[in-house]
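Visitor: Requesting a structural model of the entry that follows:
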Amino acid sequence: MYGGSRRMFQRLRAIFSRGRVAPLALKSLGRQEAAAPAPARQPHKRDPADFVERYLSGIHKVQKQRINFLRAVSGVCKARKAKGLTTLPFDKEAVGEEIKAIMEEDFFCAGPLSLQAMNTLGDISRFQPPLSKGLRTAIAGWALQLVVNGTPGGDSPPGQGACEAAEEGLRKMLQELLREDPSASHLVGLLERVAYWMQSGRVAVRARAVSLGSSLLCFASGLPSFQMPDDAALGHLLVQLAVSLADPEAGIRAQARETLGQLYRMLLCHQGRERTERGTCGFQMFREHLTPEQTQAFLEAAWDHVLRLGQEWVREGGLFLLYSLLGRAQELLEEEEEDDVKQNLSALLYQLWRGREVPPEVQALLPKTDE
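Guide: The predicted model follows:
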């Protein structure tokens with residue numbers, strides 16, 4: 001009897017294991033006794049710093065993980081900053097290289113990924129050691145191309161809100177880079193790159209560039225360790241900023257005057273002087289504050305703009321700056337009508353371009369040739 005029951009049980013167990021019939025719930029004392037539920041699977045919480053390290057090593061370096069990588073880096077930065085730490089638990093330079101590679105995926109305008117990349121770069125810039133000059137320059141140049149130049153083919157990138165967010169993200173990133181390295185050479189390098197877009201053929205690009213240059217100067221002036229450039233770079237930079245005084249757009253000209261005013265106040269502060277004049281700044285106010293080396297650099301840069309094959313107003317601006325520093329600006333403004341002034345400027349530019357009627361002071365700027 002017992003042997004038959006044992007064989008029957010073995011047969012039933014074999015049937016259940018092959019899935020031929022559904023298992024029956026066991027009943028005890030008239031109540032259903034369900035099996036204890038399996039514990040819920042908890043999601044794996046990886047340490048953000050570990051995720052960053054694994055991404056840098058190539059384990060998670062796939063396109064869909066790029067945003068997670070940037071967010072992880074920013075998360076680590078915020079946590080370290082809250083603890084008062086000044087270094088990061090991973091290679092900052094390597095992270096910067098990855099950020100540059102991510103930004104280079106955008107060709108025409110700054111998309112959401114590039115915006116996050118700029119924010120993340122600003123986060124890591126608050127920690128030591130500073131990024132290398134070459135990497136910092138490459139990132140800033142690409143970001144300026146994406147945001148200031150915007151989408152080719154129109155004066156406004158698609159979506160005004162997106163445009164403003166991109167400009168604000170770029171401004172904050174460049175400010176953090178300046179905070180990381182507040183040297184005069186760093187500021188001059190950034191402003192020279194911004195000034196390149198101040199001579200664009202598109203009004204919106206020039207307006208964004210002039211506004212950005214003004215904000216960077218304002219931010220730099222508030223850094224306690226910032227120093228004004230003492231070398232010839234200031235004279236060259238001054239021309240690049242001042243040529244916008246000849247911009248066809250009145251709003252851009254007004255912004256350029258404010259930018260020069262900011263630079264003038266910084267120069268006076270650096271020289272231990274106080275500004276007593278009110279209102280915006282004209283270029284003539286700089287003349288007595290430039291060193292001979294800076295004056296020579298200014299003349300050469302202005303002459304370079306005169307000879308530049310570009311927009312007419314850029315050449316006219318360079319010509320006016322050149323004559324202003326030589327004390328001969330009044331010669332360009334003898335006519336009362338604006339059209340007559342522009343006609344005289346065009347005629348003088350042509351004469352200078354052909355090498356005729358060159359003033360002695362300008363002749364000294366021409367390259368010497370062996371006779």
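Visitor: Could you give the average pLDDT over stretch 168-175?
Guide: Averaged across stretch 168-175, the pLDDT comes to 96.
Visitor: Over to stretch 238-257?
Guide: Averaging pLDDT along stretch 238-257 gives 93.
Visitor: Low-confidence stretches in the protein?
Guide: Residue ranges of the chain with pLDDT under 70: 1-45, 151-160, 273-284, 331-342, 344, 350-351, 353-359, 361-371.
Visitor: quick one: contacts of stretch 286-299?
Guide: Residues from elsewhere that reach stretch 286-299, judged by CB atoms under 8 Å, 6 or more residues apart in numbering: 230-236, 238-239, 260, 264, 267-268, 271, 321-322, 324-326, 361, 365. (Glycine included, C-beta is placed from N, CA and C.)
Visitor: Would you mind measuring from the closest residue in space to L56 that isn't next to it in sequence to M173?
Guide: Leaving aside its chain neighbours, L56 sits nearest to A94 (5.3 Å; criterion: CB to CB, 6 or more residues apart in numbering). Computed as CB to CB, to the nearest Å, the A94 to M173 distance reads 18 Å.
Visitor: ok, the two, which is more surrounded?
Guide: A direct count of neighbours by other CB atoms under 10 Å for A94 and M173 places M173 higher, at 24 against 14.
Visitor: Put the alpha carbons of the helix or strand containing the more buried one into CSV.
Guide: M173 belongs to helix 160-180 when assigned by DSSP states H and E. Coordinates of each C-alpha in helix 160-180 appear next as CSV, following Å, rounded to 0.1, in the frame of the first residue of the first chain:
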residue,chain,number,x,y,z
GLN,A,160,13.9,82.3,-29.0
GLY,A,161,13.9,80.5,-25.7
ALA,A,162,16.5,78.0,-26.8
CYS,A,163,18.6,80.9,-28.1
GLU,A,164,18.5,82.7,-24.8
ALA,A,165,19.3,79.5,-22.9
ALA,A,166,22.3,78.8,-25.1
GLU,A,167,23.6,82.4,-24.7
GLU,A,168,23.2,82.2,-20.9
GLY,A,169,24.9,78.8,-20.8
LEU,A,170,27.8,80.0,-22.8
ARG,A,171,28.2,83.1,-20.7
LYS,A,172,28.3,81.1,-17.5
MET,A,173,30.8,78.7,-18.9
LEU,A,174,33.2,81.4,-20.0
GLN,A,175,32.9,83.2,-16.7
GLU,A,176,33.8,80.0,-14.8
LEU,A,177,36.8,79.5,-17.1
LEU,A,178,37.8,83.1,-16.3
ARG,A,179,37.4,82.4,-12.6
GLU,A,180,39.6,79.3,-13.0
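Visitor: ok, and for it, which residues are buried?
Guide: Buried residues in helix 160-180, counting neighbours by 16 or more other CB atoms under 10 Å, are found at 163, 166-167, 169-171, 173-180.
Visitor: gap between the residue nearest to L56 and L135?
Guide: According to CB to CB, A94 and L135 sit 10 Å apart.
Visitor: How about E293?
Guide: E293 is 30 Å from L135, where distance means CB to CB.
Visitor: what do you get for D247?
Guide: 33 Å.
Visitor: Show me which of those two is the more surrounded one.
Guide: D247 (23 against 16).
Visitor: you'd agree that one is up against R257?
Guide: No: using CB atoms under 8 Å, D247 makes no contact with R257, being 10.7 Å away.
Visitor: ok, now how distant is Q330 from S324?
Guide: The separation that Q330 has from S324, given CB to CB, amounts to 9 Å.
Visitor: ugh, wrong one, I meant S214
Guide: Separation of S214 from S324 (CB to CB): 21 Å.
Visitor: got it, and R265?
Guide: 20 Å.
Visitor: Count the neighbours of the closest residue in space to M266 that isn't next to it in sequence for me.
Guide: Setting aside the residues directly before and after it, M266 is nearest to S221 in space (CB to CB, 6+ apart), at 5.2 Å. Using other CB under 10 Å, the number of residues around S221 comes to 16.
Visitor: Any figure for the gap between S221 and T120?
Guide: For S221, the distance to T120 - CB to CB - is 27 Å.
Visitor: Now L131: phi and psi?
Guide: The phi/psi pair for L131 (degrees, to the nearest 10) reads phi -70, psi 150.
Visitor: Identify the residue nearest it in space, chain neighbours excluded?
Guide: Spatially, and ignoring its direct neighbours in sequence, L131 is nearest to G96 (5.1 Å; CB to CB, 6+ apart).
Visitor: what's the spatially closest residue to L146 that is not a sequence neighbour in contact with, if anything?
Guide: Distance criterion CB to CB, 6+ apart; nearest residue to L146, sequence neighbours excluded, is A110 at 4.3 Å. Taking CB under 8 Å, 6+ apart, we find A110 in contact with 118, 143, 146-147, 166, 169-170.
Visitor: Redo those as JSON lines? Include distance to V210.
Guide: Output for the contacts of A110, formatted as JSON lines (distance: CB to CB, whole Å):
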{"residue": "M118", "distance to V210": "20"}
{"residue": "A143", "distance to V210": "17"}
{"residue": "L146", "distance to V210": "18"}
{"residue": "V147", "distance to V210": "14"}
{"residue": "A166", "distance to V210": "17"}
{"residue": "G169", "distance to V210": "19"}
{"residue": "L170", "distance to V210": "14"}
